[in-house]
Each structure stands twice: as C-alpha cells, then as structure tokens.
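S.K.: here is the input, now give the coordinates:
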Amino acid sequence: MITRRKKIIFIQLTIFLFALSLLYNTYRDKNVLTEAVIKVTNGPNTNNFTDIMYSGFDLNGNRYTLNAAKANFKTAKPNLINMQDVVANFYLQDDTVLKIVSEKGLYDNKTLDMNFSQNVKAVYLANTLLSDVLNYSNSNGKLLAYGNVRGESVEKGEFSADNVEYSLTNKTLDFSMFGSKRVNVKIKN
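M.R.: Numbers count the residues shown, from 1 in each chain. You can find the predicted model right below:
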C-alpha cells in the first residue's frame, strides 16, 4: 500500500512540474519588447540608417507613422532626417487614414514637419492627389502640395492646379494657380 501511495505522489508531482514548466514557458516572454534591427553606418559628418520608422502624435492629436528604406542626417543638424522611399500614414481622429508615398522625404524630428518630394502620391478615402512636392506643417495642421498637382476623386471628379492646401482639422481643400491661369476642375454628375 505504501509503494502505491509513493507512485501516486510521484505521478502527481511529475504532472505538477510539467504544468508549471508549461506555464513558465508560455508567459516568460510577454513583457519583452521586439526591436527592429537597424543598420547604422557613420561617416565623418553623416549617419546613415536603413529600414527606419518614426511614430508619434502631431499637434492636432493625430497619430502618424513614417517609414523609409534609407535615411541619413548630418551631425551638425541631427534633427533633419533625409529619407528615401518614404511611406507615411496619418491616422486621423475620425478613424480615417491619409497615406503619403514618395521617393524622397525630409523629417524634422523636433517640429515634426515633413517634406515629401519626387513622385508624391497621397491617398485619402477614395481621393488621390499626385504632385512633385507635398509639405506637412505640424504647427498649422496643413498639407501644401505644389508642382504638377492633380487629383482625382471617385465620387466628385478630377482637378489640376499649381498649389493645393489641405487642412487636416477642417478637411478642406484650397486650390490656387500662379499668374493668370485657372484651376482646372472636372466635376462628375
């Protein structure tokens, strides 16, 4: 009878230790942060990065992420980040997303201002805006596109202009042209 009791205690102890090791292995890595590997190469006056991401909140309370395949900054001005192959997402407070893609970009990590250039494409809901340059002013909460600006809305039509200013707070577009030219707008019925 004593050997049977010892066998039962041994089996119970084995099951308990096995369950304890399962619990430990399941929950031991829950508080560990995953970090991306970033290649950093330093030159005499420049620091270079690959596969970077900035994220935060602008002054209007909108969350944003800013990704680039390559980036660098001069040691004399470390707040100005030059980027290549840029993708930015603005998660607006009304649960919509404004996505901006460009070949080049400049990010000021102090003012949070962003400049996108070369083949800029901005997509918001069913609206697309193409331009040579698009500047985001954090303090004003505005986007200013200029240089071959054209846009298309699935619902409203298309336009072309020299300058387009978009207010993130009011969600309004202001069109303007240089000189005596007129804004070209085609409205769908």
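S.K.: what comes up buried for stretch 128-136?
M.R.: 128-131, 133-136 (16 or more other CB atoms under 10 Å). For glycine as for every other residue, the C-beta is placed from the backbone atoms N, C-alpha and C.
S.K.: okay, the residues you listed in a markdown table with secondary structure next?
M.R.: Formatted as a markdown table, the buried residues of stretch 128-136 follow (DSSP: H, G, I helix; E, B strand; the rest coil):
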| residue | secondary structure |
| --- | --- |
| Thr128 | strand |
| Leu129 | strand |
| Leu130 | strand |
| Ser131 | strand |
| Val133 | strand |
| Leu134 | strand |
| Asn135 | strand |
| Tyr136 | strand |
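S.K.: how deep is Lys156 tucked in, by neighbour count?
M.R.: Lys156: 14 surrounding residues under other CB atoms under 10 Å.
S.K.: now swap in Val86 and tell me
M.R.: As a burial measure, Val86 scores 25 neighbours (other CB under 10 Å).
S.K.: pretty sure it contacts Phe116?
M.R.: Yes. At 6.2 Å, Val86 counts as touching Phe116 under the criterion of CB atoms under 8 Å.
S.K.: identify the contacts common to those two.
M.R.: Shared contacts of Val86 and Phe116, defined by CB atoms under 8 Å, 6 or more residues apart in numbering, comprise 100, 102, 104-105.
S.K.: what sits closest to the most centrally placed residue in the chain if chain neighbours are left out?
M.R.: By CA atoms, centre = their mean, the chain has its centre lying nearest to Thr65, at 2.3 Å. The shortest distance from Thr65 to any non-neighbouring residue, by CB to CB, 6 or more residues apart in numbering, is to Ser55 (4.5 Å).
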